[in-house]
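Asks: how would this look folded up:
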Amino acid sequence: MIDALRGAALIGMIVYHAGWNLDTFQFTELGVTSAPGWIGFARLIAGSFVMLSGVSLVLADAAGHDANLKLWRIGKVAIAALLVTIATYFIFPETFVYFGILHLIALSGLLAWPLLRLHWLVVFGLALGIVIINQTVALEFADTRWLAWIGISRFVPPANDYVPIIPWFAVVLLGIPLGHMILSQVWLQNLLAANPRWLVPLGWMGRYSLIIYLIHQPILFGMASTAYYLTR
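Replies: Purely as a prediction, here's the structure:
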């Protein structure tokens with residue numbers, strides 16, 4: 001079921017990127033980057049991925065994954081994040097992705113590692129502290145791409161995807177007590193263990209979410225750009 005939830009979030013991301021491509025090449029005027037509904041949709045998608053990453057960290061720890069396996073999983077996401085940065089730098093040099101959702105998930109995996117077995121109140125307190133910092137702190141020295149990833153800058157350098165540690169690490173942290181709740185509640189375990197036939201495609205997408213994430217937008221962007229140049 002966790003894989004299916006991740007697959008559902010992935011479908012939402014594909015829909016968002018399809019709309020973004022249509023707007024970029026002026027086929028539509030959906031307002032993907034400006035309309036409140038689309039902005040909320042994008043944040044819901046990002047929040048789903050990020051919270052599920054926190055849940056997955058707890059479940060992997062409970063399953064006995066050792067340090068090498070954990071580092072391997074984090075490393076794969078970090079490499080994928082680097083590929084996104086390189087690719088977008090060449091395609092969109094002014095708005096390349098210097099710290100997007102994959103960057104956040106990779107770094108959060110390291111930051112959350114020592115916090116996985118803390119009491120849920122401590123974890124919740126840390127998340128609340130991050131939210132408070134996000135609402136109260138804005139520092140000039142962080143107004144560069146090298147430091148904007150922290151999330152405390154006054155001005156955010158433009159990027160096609162920007163998911164900074166502050167406040168988004170708070171969402172990862174909220175996934176930790178949720179993961180422990182799953183481990184402690186049999187009814188939740190039974191619910192998540194259910195695998196109805198209609199969820200199988202979503203589960204498959206969730207298991208291969210990193211690969212699908214990396215290839216779906218280049219495919220959609222290529223289709224949109226080809227259609228644009230053919231219809232000019």
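Asks: List the contacts of the spatially closest residue to residue 25 that is not a sequence neighbour.
Replies: Once flanking residues are discounted, residue 25 sits nearest to residue 228: 4.1 Å by CB to CB, 6 or more residues apart in numbering. Glycine gets a C-beta too; all of them are placed from N, C-alpha and C. Neighbouring residues of residue 228 by CB atoms under 8 Å, 6 or more residues apart in numbering: 25, 26, 27.
Asks: and residue 228, what helix or strand is that in?
Replies: helix 209-231 (DSSP states H and E).
Asks: Output that helix in CSV, but only the C-alpha positions, please.
Replies: Only the C-alpha atoms of helix 209-231 are listed here, as CSV (Å, rounded to 0.1, in the frame of the first residue of the first chain):
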residue,chain,number,x,y,z
SER,A,209,9.2,5.7,-8.6
LEU,A,210,12.8,7.0,-8.8
ILE,A,211,13.2,5.7,-12.4
ILE,A,212,9.8,6.9,-13.4
TYR,A,213,10.5,10.3,-11.8
LEU,A,214,13.7,10.7,-13.8
ILE,A,215,12.3,9.7,-17.2
HIS,A,216,8.7,11.0,-17.3
GLN,A,217,9.4,14.7,-17.6
PRO,A,218,12.1,14.4,-20.3
ILE,A,219,9.6,12.3,-22.3
LEU,A,220,6.7,14.7,-21.7
PHE,A,221,8.9,17.8,-22.3
GLY,A,222,10.3,16.2,-25.5
MET,A,223,6.7,15.5,-26.8
ALA,A,224,5.6,19.0,-26.0
SER,A,225,8.6,20.7,-27.6
THR,A,226,8.3,18.5,-30.7
ALA,A,227,4.6,19.4,-31.1
TYR,A,228,5.5,23.1,-30.6
TYR,A,229,8.1,23.2,-33.3
LEU,A,230,6.0,21.1,-35.7
THR,A,231,3.1,23.5,-35.3
